[in-house]
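A.B. asks: Kindly generate the corresponding structure for this input.
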Amino acid sequence: MTTVGTKRRAIVAMPSAAQFDDFYCTEEDAREPVDAVLHWLSDCTEETQADRLNYLEQTIFHKLHFNTDKVNKFKKLKADRLPAFSDMKWDHLAPVYELGSSFRLLSPKSQESYVVPICYLPFHLHRRFKAEGWLKMDVNGDVETQSTEAGIVNLGAYAIESVLSLFSGRIISRSEVFLPKSLFSRGGRVEYQFFTLGNTLVVVGEFKLGNLTNDNAAQLFAEMISAAEANKSRYQRVHGMLSDMDSHFFYSYNPQNHKFTQGLHFTTKANRRILRLNNMVPVINFLFSVCLDAMKDWTYFTKDFCASRRNTTDISSTNVEEVKALPTPPDLERPAQERKSLPLWNESYELIRQAQERMQFSPEETLTVKLINERGDAGLELLYDSMNCLPRLSSLEKGLGPKTFSQLTVLIDTESAKDEPKAVVLWQEELERMREEIKLN
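C.D. replies: Numbering: from 1, shown residues only. I've put the predicted structure just below:
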């Protein structure tokens with residue numbers, strides 16, 4: 001085998017298609033084609049080797065049709081050579097998934113007919129979110145003054161926290177959680193990950209400093225693929241958000257057919273802080289819509305899964321594939337035993353579905369502030385009732401908790417009224433102790 005050129009982007013002579021076929025055969029003695037491919041990989045400079053590995057992967061990827069067993073065999077060759085998330089390149093990922101030339105407009109070939117139903121939160125809620133965003137910028141500075149990526153991440157936190165607070169602790173955000181390796185990357189840590197029950201990852205978020213690039217999107221897409229790997233056999237659609245706090249792009253990845261789908265794109269850049277916060281309203285609405293749709297998918301999957309496991313152990317203790325493989329003795333007839341959690345999952349799914357429908361509007365409807373507020377409040381009531389069918393992810397709060405921000409304020413006021421006199425007594429004792437120490441000294 002020969003190599004043409006020595007530069008990193010050199011054209012190289014590839015092993016033949018027949019060698020690829022033999023390389024993935026299952027017989028133990030099929031060593032000659034394997035040796036040929038390994039020789040082709042090793043007979044080059046270290047710089048060229050990375051390109052050969054990626055080109056080899058892209059060449060065989062469609063041929064294998066995402067066959068897990070065969071792909072795993074190839075993974076062993078790349079175990080130590082896979083890039084980190086931050087090193088992902090659009091040119092390596094885009095051809096495999098037919099993404100096109102730019103992350104701003106994905107190729108129609110890569111996408112499926114999936115649209116996130118847009119839900120509208122009440123305006124009075126957005127007013128509170130704007131106040132929180134204003135205070136966030138008082139603490140961290142405006143977007144234009146940021147000089148590090150961490151600053152952009154901190155500014156994006158208020159939108160994420162505003163949305164997740166509406167799910168009553170049933171979706172939580174975790175930062176810098178390690179994601180497993182996939183066919184394209186060796187895994188790594190991600191800035192924002194949204195988890196729901198069963199440790200299922202539903203959304204990943206990337207915030208960048210400066211203008212967004214194709215390679216930034218490649219990093220996000222690699223993280224979404226790894227998130228799907230982390231979910232294992234729970235074929236949950238994974239959503240992704242890419243933002244520099246001026247532009248916000250949304251995508252989703254379906255691990256069942258390996259399709260990326262482009263969502264909406266928002267621009268929030270403005271020359272005044274209040275205008276930027278006003279422009280964030282549709283971004284927060286859409287992020288809420290994404291989380292609501294992901295939660296609906298998860299409750300639908302879980303209720304069906306519970307129904308299929310009526311006589312098995314708890315849902316969190318066994319892998320889905322292991323359950324499917326469990327033998328059922330033909331001579332053993334057991335009465336169907338409905339799982340205790342099944343009615344709750346059914347009720348939760350139905351309430352989420354109703355909430356989503358309630359907060360949407362058809363093209364024929366005329367929008368008004370009053371109508372959006374009324375429908376938004378009604379939808380949030382249904383969402384609250386749905387979430388309270390499910391256990392909290394927090395280990396401290398097991399009860400229902402307050403429904404609205406007003407009820408939360410009342411709860412805090414009531415409990416604080418009990419605690420404040422006790423606090424004053426303790427502080428007074430501390431002051432007296434300090435006076436005594438001053439006298440002694």
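A.B. asks: which residues touch residue 213?
C.D. replies: Going by CB atoms under 8 Å, 6 or more residues apart in numbering, residue 213 touches residue 90. Yep, even glycine has a C-beta here, placed from its N, CA and C like the rest.
A.B. asks: Would you mind measuring from it to residue 108?
C.D. replies: Using CB to CB, to the nearest Å, we find residue 213 at a distance of 22 Å from residue 108.
A.B. asks: mind listing the helices for the stretch 201-350 of the chain?
C.D. replies: For the stretch 201-350 of the chain, helices defined by DSSP state H, counting those that start in this stretch occupy the ranges 214-230, 273-308, 320-325, 342-358.
A.B. asks: what sits against the closest residue to residue 97 other than its chain neighbours?
C.D. replies: Nearest-residue entry for residue 97: residue 110, 5.3 Å, with adjacent residues in sequence omitted and distances by CB to CB, 6 or more residues apart in numbering. Counting by CB under 8 Å, 6+ apart, residue 110 makes contact with 97, 98, 99, 100, 259, 260, 261.
A.B. asks: Could you tell me which of these count as buried?
C.D. replies: Listed as buried from the contacts of residue 110 are 97, 99, 100, 259, 260, 261; burial here means 16 or more other CB atoms under 10 Å.
A.B. asks: I'd like the distance between the last one and residue 221.
C.D. replies: Spelled out, it's residue 261. 12 Å.
A.B. asks: Are there residues contacting both of those two? Which ones?
C.D. replies: The contact sets of residue 261 and residue 221 overlap at 251, 253 (CB under 8 Å, 6+ apart).
A.B. asks: wait, isn't residue 102 in contact with residue 214?
C.D. replies: Yes: counting by CB atoms under 8 Å, residue 102 touches residue 214, with 6.4 Å between them.
A.B. asks: Which one's more surrounded, these two?
C.D. replies: residue 214 (19 against 13; other CB atoms under 10 Å).
A.B. asks: do you know how far that one is from residue 383?
C.D. replies: To residue 383, residue 214 is 36 Å away according to CB to CB.
A.B. asks: How about residue 188?
C.D. replies: In terms of CB to CB, residue 188 sits 33 Å off from residue 383.
A.B. asks: More neighbours: these two, which one.
C.D. replies: When residue 188 and residue 383 are compared for neighbours, residue 383 comes out ahead with 26 against 20, by other CB under 10 Å.
A.B. asks: any idea of the pLDDT on the residue nearest to that one when sequence neighbours are not counted?
C.D. replies: Excluding its sequence neighbours, the residue lying closest to residue 383 (CB to CB, 6+ apart) is residue 355, at 4.4 Å. Predicted confidence (pLDDT) for residue 355: 96.
A.B. asks: quick one: residue 355 and residue 375, what's the gap?
C.D. replies: 10 Å.
A.B. asks: could you measure the residue nearest to residue 120 when sequence neighbours are not counted against residue 168, distance?
C.D. replies: Excluding its sequence neighbours, the residue lying closest to residue 120 (CB to CB, 6+ apart) is residue 372, at 5.0 Å. To residue 168, residue 372 is 22 Å away according to CB to CB.
A.B. asks: ditto for residue 259
C.D. replies: The value you get for residue 259 to residue 168, if CB to CB is used, is 32 Å.
A.B. asks: how about the strands in the stretch 51-200 of the chain?
C.D. replies: 172-174, 177-179, 188-190, 192-196, 200-207 (DSSP state E, counting those that start in this stretch).
A.B. asks: how about these, which one is nearest residue 281?
C.D. replies: Nearest to residue 281, of all those, is strand 200-207, at 18.4 Å by CB to CB.
A.B. asks: Paired strands for that closest one, with orientation please.
C.D. replies: strand 192-196 (antiparallel), strand 238-243 (parallel) (DSSP bridges).
A.B. asks: Perfect, I'm done here.
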